[in-house]
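Participant: Okay, predicted coordinates and the sequence, questions at the end:
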Amino acid sequence: MAQAPIRFTIVPDDYHVPYAGTAGDGRRFFLSDELFAKESAFVGLFLWKADGTFDEVRIDEVGRPAGLPPGQAAPADDDGLVAARLAELGDYVLEPIEVEPFAEDVGGVTFGWVVQQFEGEYSINIEPGDFIAYYEPWDGLEYDT
């Protein structure tokens, strides 16, 4: 029987994971402007301590692109928030990171990398929006959208 993952790897790419790596202070990070719930869109910076344990989330609610179908991820109207959040990281390095899943409630919305189980199979899904799902072997090289 499969067991729930306690760690997984996030690998930066040119699709849904452009910003993942190590911040200037040694913390691990994932930054996205594609987080969404209902009519809201968010820029979210997820931070883990250097050892990969959850540290904090920094969330900004922003405009969702006009005409975007519900349930579809797309870059939010962020007015420079992505650049500002990247600047907060100091001299960061984009690289694979190994971190623990987490869920954090911010204003009634769940943010994080949430472990889910369906028919005995585990996945780790980004929230809000559920547009990235990792599966075993948890190496971050492939994900479902």
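Facilitator: Cool, got the structure. Note that the structure is a prediction, hence the values are computed from the model and not measured.
Participant: now the residue nearest to L94 when sequence neighbours are not counted: how far from R28?
Facilitator: Distance criterion Cβ to Cβ, 6 or more residues apart in numbering; nearest residue to L94, sequence neighbours excluded, is G21 at 4.3 Å. To be clear about C-beta, it is placed using only N, CA and C from the backbone, and glycine gets the same treatment. For G21, the distance to R28 equals 7 Å [Cβ to Cβ, to the nearest Å].
Participant: ok, now D105?
Facilitator: Counting by Cβ to Cβ, the gap from D105 to R28 is 21 Å.
Participant: Sheet partners, orientation included, of the helix or strand harbouring the residue nearest to L94?
Facilitator: For G21, the host element (DSSP states H and E) is strand 19-22. Strand pairing for strand 19-22, using DSSP bridges, gives strand 28-37 (antiparallel), strand 93-94 (antiparallel).
Participant: Give me the contact list for that strand.
Facilitator: 10-12, 28-32, 50, 82, 86, 92-97 (Cβ atoms under 8 Å, 6 or more residues apart in numbering).
Participant: Run the chain-centre distance for that strand.
Facilitator: 10 Å (Cα atoms, centre = their mean, to the nearest Å).
Participant: just to revisit the earlier point, most packed of the strands paired with strand 19-22?
Facilitator: Across the strands paired with strand 19-22, the average number of neighbours (mean count of other Cβ atoms under 10 Å) peaks for strand 28-37, which reaches a mean of 23.
Participant: what's the first-to-last distance across stretch 136-144?
Facilitator: 12 Å (Cα to Cα, to the nearest Å).
Participant: sorry, back to before: report the beta-bridge partner residues of the residue nearest to L94.
Facilitator: Beta-bridge pairing for G21 (DSSP bridges): F29, L94.
Participant: How confident was the prediction at it?
Facilitator: Turning to G21, the model gives it a pLDDT of 98.
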